[in-house]
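Asks: could you look at this predicted model? Sequence included:
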Amino acid sequence: MSRRLPQDAGHGQKLTRKSEAAIGALLASSSISEAAKACGVAERTIRNWMTRPDFREAYDQARRQVLDQVLAHLQASAGQALDTLLAVCRDQDARPAARVAAARAVLDLSVKIRSEEDFDARLRALEAQKEQTRENGMTWADVMRRAEEP
């Protein structure tokens, strides 16, 4: 009886139970070695699976799902965290160092959010421009050459 490993899976086929267990172990472990022990697979096997597109895609998707859940939880708590920082900033009885640290955190966060919003807007504009060039039959290299012209 042969064991079906991820490399045997064709396009669109599911991973084996062992490889799915390895993905779960990778997400819950701090190292590949620890994950291998947790799911009963050789470390070298997991390292080999990590080079396979189907396994890597499934692993990356699982990581994104975990990160999405973490971000959703953080976003739900963001208002309360900001309220806490602002309360410390306004608390005349708080140590000056605590008030300054809270104020600095609020300001740093504000600058970071603004910077990320600006970056996202520029990225969306570039993506739209790239799509428009594609629709017009131009390549991105054509657009870059035109941008460099005086």
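Replies: Thanks, I have the structure now.
Asks: helices or strands next to the lowest-mean-pLDDT helix or strand in the chain in the packing?
Replies: When the helices and strands of the chain are scored by mean pLDDT, DSSP states H and E, helix 140-148 comes last with a mean of 78. Applying 3 or more CB pairs under 8 Å, 6 or more residues apart in numbering; DSSP states H and E, one finds that helix 140-148 contacts helix 96-135. Backbone N, C-alpha and C define where each C-beta goes, glycine included.
Asks: tell me the buried residues in the helix it packs on?
Replies: Neighbour-count burial for helix 96-135 flags 99, 102, 105, 133 (criterion: 16 or more other CB atoms under 10 Å).
Asks: nearest to Val41 among those?
Replies: Ala105 (42.8 Å; CB to CB).
Asks: what's the nearest residue to that closest one if we skip its chain neighbours?
Replies: Leu85 (5.5 Å; CB to CB, 6 or more residues apart in numbering).
Asks: re the thing from before, JSON lines please, covering the buried residues of helix 96-135 and showing distance to Lys14 and pLDDT.
Replies: Below are those laid out as JSON lines (distance: CB to CB, whole Å; pLDDT from 0 to 100):
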{"residue": "Arg99", "distance to Lys14": "55", "pLDDT": "92"}
{"residue": "Ala102", "distance to Lys14": "49", "pLDDT": "92"}
{"residue": "Ala105", "distance to Lys14": "45", "pLDDT": "92"}
{"residue": "Thr133", "distance to Lys14": "39", "pLDDT": "82"}
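Asks: show me which of those residues is closest to Ala58.
Replies: Closest approach to Ala58 among these (CB to CB): Thr133, at 33.8 Å.
Asks: mind listing what the nearest residue to the closest one once chain neighbours are set aside touches?
Replies: Sequence neighbours aside, Val143 is the residue nearest to Thr133 in space, at 5.0 Å (criterion: CB to CB, 6+ apart). When the contact criterion is CB atoms under 8 Å, 6 or more residues apart in numbering, the partners of Val143 are 129-130, 133.
Asks: gap between the residue located most distally from the centre of the chain and Leu74?
Replies: The C-alpha centroid of the chain is most remote from Asp93, which lies 39.9 Å away (CA atoms, centre = their mean). Remark: distance between Asp93 and Leu74 (CB to CB, to the nearest Å) = 29 Å.
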